[in-house]
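# Sequence and predicted structure are below.
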Amino acid sequence: MSLGATLKRFLESETTGRQIGGEVASIIENISKASIELAQTISFTPPVEKTEDELAPGADLQRPLDTLAHNLFETQLCNSPASMLVSEELDGLKELGGESSLCVTLDPLHGSANIETNMSIGTIFSIIDIDRATPGDPLDAINSGELLAAGFFVYGRQNTLTLSCGNGVSIFSFNPATSQFVLIKEHVCIPQGQKEFAINTSNYRNWDSGVRHFVDDCISGRDGPLGADYNMRWNASLVAEAYRILIRGGVFLYPGDSRQGYENGRLRFLYEAMPIAFIMEQAGGKAIDGFERILERKVTSLHGRVPLIFGSVDMVKQAGEYFTNDPTENTRFPLFASRNLLRN
C-alpha cells in the first residue's frame, strides 16, 4: 500500500478475503468518524477549573468530556455491524444493534485530565470476534474469542491513528483539507537498542525492590551494572508513550505498588493494556505484566486493572529479569500482583 492512501482504501486491501473483514473495516471506519468529531470538539473545549474532588488521588473521574466522547463513539458504533460494546464509561457490557459476533472495547478519551495542560490525549479500541454461543458469563465469550484488530488515536499536534488488523502496524494522519485519514507509515517496527525508559519515578518509595533496582541501574548510567547511559521519559499519557515507543523504541512501565488501589497498577486490562499489547507485538515488540504476556491473560472483570510493561523486546526482557529474579523482592506487595489467579 502506497503512502498517502486513504484509510478506506487501506482497509479494503487489509481485510479483503477475510470472513468478517468487511465488518471489521466498517467498524473501524465508524470509529474514525467519531474520532474526527471528537478531535474537533477537544480543540475548542476551554479548560475546566479543577475542584478539590477532582484532585483526589487514585480516583478515576468521569468528566463531561469523557461522557461526550463515549456518546460520539457509541452513536457511530450503533450504525456499524458491532454487536457489543465495552467502554470505560459504562458499568457493564452493552448490546448494540449489529448482528455480527464483533465486540468493541473502548477507552473513549484516555488522559482527559491532561486537557488543561494541552498534552496529547487519545482513544484506545479493539475489536474482538466473540463466541456468542458460549453460555453463561459474557466474560467467557470474550475470553474464548479472537482479537482481530486494535488501534489508538492521538489528539495532539497531529491527529493520528495507529492501527493493526493482525498484519503489522500502520499509522495514519488526519488531513483536514480532505477530512480523511491517510497512511503516513506502514510496517512499523519498534527499534531495538534504544536506552530509554518511561516510568513515574514519584512513586519510587512505593515500588517493590525489583522495580527500584531496575530504575537505579538505568540511572547509574555507563558506570552502573547496565554499562550504558539511559534517558527517562514520562508523559502521563498512555497513547503518547505508546506512539513514542513505536517510533523511537525503549520501554514503558506502569507497575503495581504498595498504595491502596494500586496493587495491580492503574491501567485497565480489557480496553487499555490489551489493545496496546496487541499493537506492540504486531510491531515486533513485547508487552508483559511483569511475569507473562499480556495477551495470554484472561479477562476476569470488564474494568479490571493490570500492571503493564511494553516496548522493544530487548528492553522489556531486561526489565522483566529484574522483576522475576531480584533476590531482595518484597513479597509483601508482589511486584505485578498475584499471578496464579490469572493462570489456567
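Everything's here; your move. The structure presented is a predicted model; accordingly, all values stated were derived computationally and were not measured. Numbering: from 1, shown residues only.
# Counting neighbours, which bits of stretch 37-47 end up buried?
Residues of stretch 37-47 classed as buried: L38, A39, I42 (neighbour count, 16 or more other C-beta atoms under 10 Å). Placement of C-beta: from N, CA and C, glycine included.
# Quick one: residues contacting the first one.
This points to L38. L68, A69, L72, F73, P108, L109, T123, Y155 (C-beta atoms under 8 Å, 6 or more residues apart in numbering).
# Now with 6 Å, please.
Residues in contact with L38, defined by C-beta atoms under 6 Å, 6 or more residues apart in numbering, are A69, L72.
# That one and S258, how far apart?
36 Å (C-beta to C-beta, to the nearest Å).
# ok, now the last one?
I42 sits 35 Å away from S258, going by C-beta to C-beta.
# Then the second one?
A39 sits at a distance of 38 Å from S258 (criterion: C-beta to C-beta).
# quick revisit: present the buried residues of stretch 37-47 as TSV; the columns should include secondary structure.
Formatted as TSV, those follow (DSSP: H, G, I helix; E, B strand; the rest coil):
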residue	secondary structure
L38	helix
A39	helix
I42	helix
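# Just give me the least confident of those residues.
Least confident of the buried residues of stretch 37-47 in the model: I42, at 88.
# which ones are touching that residue?
Applying C-beta under 6 Å, 6+ apart to I42 gives the contacts Y155.
# so how far is the worst-scoring helix or strand of the chain on mean pLDDT from its chain's centroid?
Lowest on mean pLDDT, DSSP states H and E among the helices and strands of the chain sits helix 138-143, with a mean of 89. Offset of helix 138-143 from its chain centre (C-alpha atoms, centre = their mean, to the nearest Å): 20 Å.
# what lines up beside the helix or strand following that helix in the sheet?
Per DSSP states H and E, helix 138-143 leads on to strand 146-155 as the next helix or strand towards the C-terminus. Here strand 146-155 has these sheet partners by DSSP bridges: strand 121-129 (antiparallel), strand 159-164 (antiparallel).
# could you dump the ones you listed to JSON lines with mean pLDDT?
Below are the strands paired with strand 146-155 laid out as JSON lines (pLDDT from 0 to 100):
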{"stretch": "strand 121-129", "mean pLDDT": "97"}
{"stretch": "strand 159-164", "mean pLDDT": "97"}
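# Out of these, which is closest to A25?
Of all the strands paired with strand 146-155, it is strand 121-129 that lies closest to A25, at 10.1 Å by C-beta to C-beta.
# Kindly export the closest one (C-alpha atoms) in CSV.
Taking C-alpha atoms only, strand 121-129 is exported to CSV below (Å, rounded to 0.1, in the frame of the first residue of the first chain):
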residue,chain,number,x,y,z
ILE,A,121,-4.7,12.6,24.8
GLY,A,122,-6.4,9.9,22.8
THR,A,123,-8.8,7.0,22.2
ILE,A,124,-8.0,3.3,22.5
PHE,A,125,-10.0,0.5,21.0
SER,A,126,-10.0,-3.1,20.0
ILE,A,127,-12.3,-5.5,18.0
ILE,A,128,-12.9,-9.0,19.3
ASP,A,129,-14.7,-11.8,17.5
